[in-house]
Each structure stands twice: as C-alpha cells, then as structure tokens.
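Engineer: compute the structure for the input listed below.
(one chain, ligands or ions: 2)
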Amino acid sequence: MIEPPPLRNDCFALPAGVEWTPVDQALDLLRARLSAVTGTETVALEAALGRVLAEDAVALRSNPPLPNSAVDGYGFAGGAEEGAHALPLQAGRAAAGLAFAGRLVPGHALRILTGAALPEGVETVILEEDVTLGEGQIAFRGPLKPGANTRKAGEDIRAGDVALRAGRVLTPADLALAAAVGLSMLPVRARLRVAVLSTGDELVEPGAPAAPGQIFDANRPMLLAIARRMGFEAIDMGRVPDDRAALRARLDAAAERADAILTSGGASAGDEDHVSALLNEAGAMQEWRIAIKPGRPLALGLWRGRPVFGLPGNPVAAMVCTLVFARPALGLLAGMDWQAPQGFDLPAGFEKRKKPGRREYLRARVRDGVAEVFASEGSGRISGLSWAEGLVELEDGAREIRRGDPVRFIPYASFGL
Ligand code: AMP
Ligand code: MG
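Structural biologist: Ligands and ions are numbered 1, 2, ... in the order given. Have a look, this model is predicted:
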C-alpha cells in the first residue's frame, strides 16, 4: 500500500491581516490545500457501500452488452406504417439469457421476451398487449418506428468508458452500475481514522454522577456519530480535563491511532484554552476567526503530522463548524471529492433581520414546504439541534427576511448525516 505525502505545516494558514475570514474563503483554502492521506485497498462490491472510490472504475463490458428487447412481445424486421398489419409467426422464441438459435425468417414475426438479445433480423418489437394472436400469425396496428421497444448495445454505457470517478462515495446505485459493467472488485480508500476527544474540567460522562456545576459531555457522542455517518472509523479518545500535560498525552495517543483529530472545547485564546495553546507550542497552529454564526474561533493545526480540528465547546457551534468546515476537510483527507452540501430555496416561515458581516446558520426544518426555524437562536440550546432537520443558511450580507421570502435550506442529509 503506497502512502500519500504528508500535509504541509501551513495547510491551514488563512490570509494575513483579515479580521474575520469569510466562510467561502476559508472553504476555498481547505479545498486547495488538503488531499487524501489514506492508502488504498481492493474490496468486493458487497463491501464497497459508503467507501471512497480510489481510482476511476472503467467498464469492462457495455451495458447492455447486446441489443435486446425492452418488452415482452413480437419481433420483426423494419418498422410498421400506419394501419393494420399481419405477420406469420415463426416457431420458437427468444428469451433473456438464451441465445436464439437461428435467425428471423424474412417477413415473419418471432415471440420475444424482455431482455432477450435481438435475434439476427429482428429490429423492432411490438408489445404483446398491442397484438392479437391466432392461426399462426399476429395482427396489430401501426405505426411503429424501426427500433421501437428495443435497447441498443452500449446505449447506457460502453466498455472502456469511465463508469465511476475516483472520489465518489459509493452508493447502492453505484454498486448496481459497477456490477452491470462487469466489475466485482473496486479499489477504495482505507477508511479515514478520526479520533474524537472532549476537553473541559466541567465535563462528566453521560450517566455518571454529576456535581452541581458539572455537565455531561454532549459533544463526543455527536462528533463520533458524525464521523461514523461519514463512513470513517471513529475512535473515541474520551474526555480530558483542562490540564496541558494530560491533553498533550491524549493528543499524542490520538495521533498514534488516527489520521485526523477532532477536539471540542478549549479552542479560543483564554487561560483554559489548552488545545490552542498546545497547537501553538507545536508551531503549527492557526487560529481560525471565521465570519460565521454560531461559531467561535477554531484552532486548526497539525499534531505530530495529524490535522487537528479544534472545535468550539459549545455544542451548537461545534456541530455547525463540523458540518461546514470539518466535514468537507475530512472528506478530502479521506480521498472524497469536495463535499459541497446541496441546499434549496424555500419560503421562510419566519421573520428576521440579519446584520451584515457573518454568514448565519439557523436550526431549521421543513413543514408543508415552508422552512421553520427553532424558536431560540441561543447557542447552548442542544434541543434545537435535535429539533432541526437541517440548517437555513443566510448569506454574509445584511438581510431583512419576511415570511414567504426565499431562504436556502440545507437538510442534514446533504451534510451526510
Ligand atoms: P469552551 O469552548 O471550552 O470555552 O466551552 C464553551 C462552552 O461549551 C462551555 O459552556 C462549555 O461548558 C461547553 N462545552 C464544552 N465542551 C462541551 C461538551 N463536550 N459537551 C457539552 N458542552 C460543552
Ligand atoms: Mg472549556
């Protein structure tokens, strides 16, 4: 297995001198600088669902391989003019999977079933429902164009064509296409290993006794689940207190086991913000101040050569920043194409005055074709993340939204969730 080259130390550098970097600019930089860090392996089709195709897959065979009938009916030569026709019926039939021995007797019709290769001489098929059968002949009404109800060889895809492009996350339909063109094994990327850890003295494990002032670690299950949904191998690296030595050791362990690391909490520039402090120490830290709401500074950097996405602790900001930045970035590391979430415009079911300067993501869902947003924009409201079925994305500039105005809705599914 050949390993790709390592990432450059400055892969997360943002333009200097900009106070708040626009979302699109940050995304462009990620897109330009990150690339696959995973090796490749070959797997059988049934194991390829959700995996990332590592090389273009070329059709070994055309689909369909031979011209064949699209319906159950009767085959004959040429087309049929407007009006009544009768043709003598030739003995035998052509069925799928069985080569018809012989050829069409000129001027005759031949019984043919769906999927059967067209016997020599057959050019057109009339649907059995459109035929009356009797006395060794068939009768039907034209017109029928030559070639009607047949499929041409290779009309779907030809041998030698690229059936699937490298970088695709393989879908059930992709597996059908691969099978149809004769591929039984596919080269895929090794699964990206993504380590997830939470930081903060206040965190306790869900279900454990919690003292007043302590809170349950909500980010870790969420981030592990997002990584799994993306098809990655999610590695749970637990919780780390706000202690630099402990965090250093945990990052070391994560870098041993994973290709990329997601942390939450401690990413700003405060006293207890040890993720940013450590990445700074390592000399590969970039503080990402992005013009996004909800969002806090992100700490991006390399730890022992592994990219670290230091997400904000706040669960709403952590999820939005993961979906907007970490997801496409991890996708590139995993060998995927750039994953741009597809949204669509819907009438707003709410009113809002938005200030210029930051792109905003609102927790949203669709009911009766209208985009509703969660009642509170409070960034600690995890219930809103759960209530939502996607995000409404409001552009960077100012906006005055009235009910019924178009807003861009991006379903969670478009973020791969
Ligand atoms: P921080 O980014 O560490 O300053 O944390 C910002 C806010 O998010 C604080 O209120 C934290 O208590 C909260 N927070 C941090 N990590 C988590 C977590 N894993 N689960 C839930 N809340 C968290
Ligand atoms: Mg903290």
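
Engineer: helix/strand/coil for the closest residue to ligand 1 within the chain?
Structural biologist: For the chain and ligand 1, the shortest gap (Cβ to the nearest ligand atom) falls at Gly313, measuring 2.4 Å. C-beta here means a position set from N, CA and C on the backbone, and glycine is covered the same way. Classification of Gly313 using DSSP: H, G, I helix; E, B strand; the rest coil returns coil.

Engineer: quick check, it in contact with Thr199.
Structural biologist: Yes - the pair Gly313 / Thr199 is scored as a contact, 7.4 Å apart, by Cβ atoms under 8 Å.

Engineer: in terms of helices and strands, where is Ile126?
Structural biologist: Per DSSP states H and E, Ile126 falls inside strand 124-127.

Engineer: which strands and helices sit next to the very next helix or strand once past that strand?
Structural biologist: As assigned by DSSP H and E, the chain's next helix or strand after strand 124-127 is strand 132-134. In terms of contacts (3 or more Cβ pairs under 8 Å, 6 or more residues apart in numbering; DSSP states H and E), strand 132-134 is packed against strand 137-144.

Engineer: that older thread, quick one, which of Gly313 and Thr199 is more surrounded?
Structural biologist: A count of neighbours by other Cβ atoms under 10 Å puts Thr199 above the other of Gly313 and Thr199, at 26 against 23.

Engineer: pLDDT weak spots in the stretch 1-150 of the chain?
Structural biologist: By pLDDT under 70, the low-scoring segments of the stretch 1-150 of the chain are 1-2.

Engineer: domain ranges for the chain?
Structural biologist: 20-39+191-333, 42-62+155-189, 68-151, 344-415 (automatic domain parsing).

Engineer: out of those, deepest packed?
Structural biologist: domain 20-39+191-333 (a mean of 20; mean count of other Cβ atoms under 10 Å).

Engineer: hmm, it in reach of ligand 2?
Structural biologist: Yes - judged by Cβ under 5 Å from the ion, domain 20-39+191-333 comes into contact with ligand 2 at Gly200, Gly265, Gly266, Gly313.

Engineer: name the nearest residue to the last one, ignoring sequence neighbours.
Structural biologist: This points to Gly313. Gly265 (3.3 Å; Cβ to Cβ, 6 or more residues apart in numbering).

Engineer: the one you found and Asp201 touch, don't they?
Structural biologist: No - distance between Gly265 and Asp201: 9.8 Å, which falls outside the contact criterion (Cβ under 8 Å).

Engineer: what's the closest of the domains of the chain to Leu14?
Structural biologist: With Cβ to Cβ as the measure, domain 20-39+191-333 is the member of the domains of the chain nearest Leu14 (5.0 Å).

Engineer: show the end-to-end separation of the closest one, please.
Structural biologist: 25 Å (Cα to Cα, to the nearest Å).

Engineer: filter the residues of domain 20-39+191-333 next to ligand 2 down to the ones in strands?
Structural biologist: Residues of the residues of domain 20-39+191-333 next to ligand 2 located in strands (DSSP state E): none.

Engineer: contacts for stretch 133-151?
Structural biologist: Outside stretch 133-151, the residues within contact range by Cβ atoms under 8 Å, 6 or more residues apart in numbering are 64, 67-71, 73-74, 78-89, 109, 118, 123-127, 130-132.

Engineer: now do the helices in the stretch 101-250 of the chain.
Structural biologist: Secondary structure of the stretch 101-250 of the chain by DSSP state H, counting those that start in this stretch: the helices cover 172-180, 219-229, 244-257.

Engineer: any idea how far Ile235 is from the residue lying closest to Leu223 once chain neighbours are set aside?
Structural biologist: Leaving aside its sequence neighbours, Leu223 sits nearest to Val196 (Cβ to Cβ, 6+ apart; 4.6 Å). Distance, Val196 to Ile235, using Cβ to Cβ, to the nearest Å: 7 Å.

Engineer: please name the nearest non-neighbouring residue to the closest residue to ligand 2 within the stretch 101-250 of the chain.
Structural biologist: Distances between the stretch 101-250 of the chain and ligand 2 by Cβ to the ion are smallest at Gly200, namely 3.8 Å. Excluding the flanking residues, the one nearest Gly200 by Cβ to Cβ, 6+ apart is Gly265, at 4.5 Å.

Engineer: remind me, longest strand of this protein?
Structural biologist: strand 80-94.

Engineer: what sits up against it?
Structural biologist: Residues from elsewhere that reach strand 80-94 (Cβ under 8 Å, 6+ apart): 69, 74-76, 100-102, 104-105, 107-113, 116-119, 122, 124, 126, 133, 136-144.

Engineer: phi and psi next, for whichever residue of the stretch 1-150 of the chain sits closest to ligand 2.
Structural biologist: Closest to ligand 2 within the stretch 1-150 of the chain is Phe12: 21.1 Å, counting by Cβ to the ion. Note on Phe12: backbone dihedrals following degrees, to the nearest 10 are phi -110, psi 10.

Engineer: can I assume Leu417 is in contact with Ala227?
Structural biologist: No - if you go by Cβ under 8 Å, Leu417 and Ala227 don't touch, sitting 11.1 Å apart.

Engineer: wait, what's in contact with the residue nearest to Gly200?
Structural biologist: Ser198, Thr199, Gly200, Leu203, Asn219, Val275, Leu311, Pro312, Gly313.

Engineer: the second one touches Asp242, doesn't it?
Structural biologist: Yes - with contacts counted by Cβ under 8 Å, Thr199 reaches Asp242, the gap being 6.5 Å.

Engineer: identify the contacts common to these two.
Structural biologist: Contacts common to Thr199 and Asp242, judged by Cβ under 8 Å, 6+ apart, are Gly266, His274.
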